[in-house]
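Asker: just need the structure, nothing else, for what follows:
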Amino acid sequence: MAKPKKPAEMLERIGNELKLLWLQLETYQELFLIEAAKRESLLRETAPGFFAVTQVSLIESIFMRIFRLMDEAKMRSAVNCSFDALLHSLGRMPRMQRRGAKIFRLRLSLRALRKDWRWPGSQYSGLKKIRNKVLAHNDFTHHKRRGEASLWLRLSDQEFAVAQQLGSRMWGLYRQAKLAIFDFDIVEPSVSQLKERPAMLLKHLCASRYLDQLIDMGCPPPPSLSDFELQCMGEDRIRNVFAVEGGGYG
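Answerer: Numbers count the residues shown, from 1 in each chain. A predicted model of the protein is given here:
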């Protein structure tokens, strides 16, 4: 079995996972945590089925990426890429006086995360139920309670907020580990300059509808494309999308 030779190798793998997590969270925010009337109408009138499936897939992928980073250090003889594994690998750090205090504080932070995750009454207990009963396993009792007609994962807005908070805590630990192991700081990843960012997708959908209205002689002339985008997309405003009555795992 492949094993990391030093904490730096494990940390780099964790960093890649966190960068993907940030990309997914930003994608989700731009597509679904948005002004309800305008962009929901845009998504519904262009590809409703596609975006419904995309929303569910993004949620499950975001949660599973977080859960994998919270795995135990080992499963049988296989080493996981997780924060618990990073904690275990710190025992291989050379005893360097200038890093000793930073490594000590990093160990304390990683142990606190592990304790909070394992404690049954912690704020993360609902997330662990989602992992164990829905995503990692198809728990029959849970399915029976959910009802035969319910296909999707039933979340509350609070549970998604807790997952976001846990993701932010992970990034803080990653940053702390970078400082302790590599002696340099990092900033949160940003995908705002990528052409593939979700806002560009929404702009393409707006442009398609704009052309449709230009071609349709029965419609009055639309405003300029920029004004049309503002009408369809609106301004970003965070809103709750998971407030499902009877949902939740707490």
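Asker: stretch 28-39 - what's its average pLDDT?
Answerer: Confidence over stretch 28-39, taken as the mean pLDDT, stands at 69.
Asker: show me where this structure has its helices.
Answerer: Under the criterion DSSP state H, the chain contains helices at 7-32, 36-46, 48-69, 83-89, 97-118, 125-130, 140-146, 157-182, 198-215, 225-233.
Asker: of the ones you listed, which is nearest residue 76?
Answerer: helix 83-89 (13.7 Å; Cβ to Cβ). Where you see a C-beta, it was placed from the backbone N, CA and C, and this is true even at glycine.
Asker: which helices and strands does that closest one pack with?
Answerer: Contacts of helix 83-89 with other secondary structure elements, assessed using 3 or more Cβ pairs under 8 Å, 6 or more residues apart in numbering; DSSP states H and E, are made with helix 7-32, helix 97-118, helix 157-182.
Asker: what comes up buried for the last one?
Answerer: Buried residues in helix 157-182, counted by 16 or more other Cβ atoms under 10 Å: 159-160, 162-163, 166-167, 169-171, 173-181.
Asker: kindly report the same for the shortest one.
Answerer: Neighbour-count burial for helix 97-118, counted by 16+ other Cβ under 10 Å, picks out 99, 102, 103, 106, 107, 109, 110, 113, 114, 117.
Asker: over to the first one?
Answerer: Within helix 7-32, the residues scored as buried using 16+ other Cβ under 10 Å are 7, 10-11, 13-15, 17-18, 21-28, 30-32.
Asker: quick one: the closest residue to residue 81 other than its chain neighbours and residue 51, what's the gap?
Answerer: In space, residue 81 comes closest to residue 13 once its chain neighbours are excluded; the distance is 4.5 Å by Cβ to Cβ, 6 or more residues apart in numbering. Using Cβ to Cβ, to the nearest Å, we find residue 13 at a distance of 32 Å from residue 51.
Asker: and for residue 100?
Answerer: Distance of residue 100 to residue 51, given as Cβ to Cβ: 51 Å.
Asker: same question, residue 58
Answerer: With distances defined as Cβ to Cβ, the gap from residue 58 to residue 51 amounts to 10 Å.
Asker: who touches both of the two?
Answerer: Shared contacts of residue 58 and residue 51, defined by Cβ atoms under 8 Å, 6 or more residues apart in numbering, are found at residue 31.
Asker: now distance to residue 63 too, for the helices and strands packed on helix 83-89, in TSV please.
Answerer: Written out in TSV, the entries for those read as follows (distance: least, Cβ to Cβ, whole Å):
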stretch	distance to residue 63
helix 7-32	10
helix 97-118	14
helix 157-182	6
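Asker: out of those helices, which is closest to residue 134?
Answerer: Nearest to residue 134 among these is helix 157-182; the distance by Cβ to Cβ comes to 11.2 Å.
Asker: now the helices of the chain in CSV, with distance to residue 188?
Answerer: As requested, these are arranged in CSV below (distance: least, Cβ to Cβ, whole Å):
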stretch, distance to residue 188
helix 7-32, 7
helix 36-46, 24
helix 48-69, 16
helix 83-89, 17
helix 97-118, 18
helix 125-130, 21
helix 140-146, 34
helix 157-182, 6
helix 198-215, 17
helix 225-233, 24
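Asker: any idea of the mean pLDDT in stretch 174-188?
Answerer: Averaged across stretch 174-188, the pLDDT comes to 88.
Asker: check stretch 85-105 too.
Answerer: Mean pLDDT, computed over stretch 85-105, is 77.
Asker: start to end distance for that stretch?
Answerer: Stretch 85-105 has an end-to-end distance of 16 Å (Cα to Cα, to the nearest Å).
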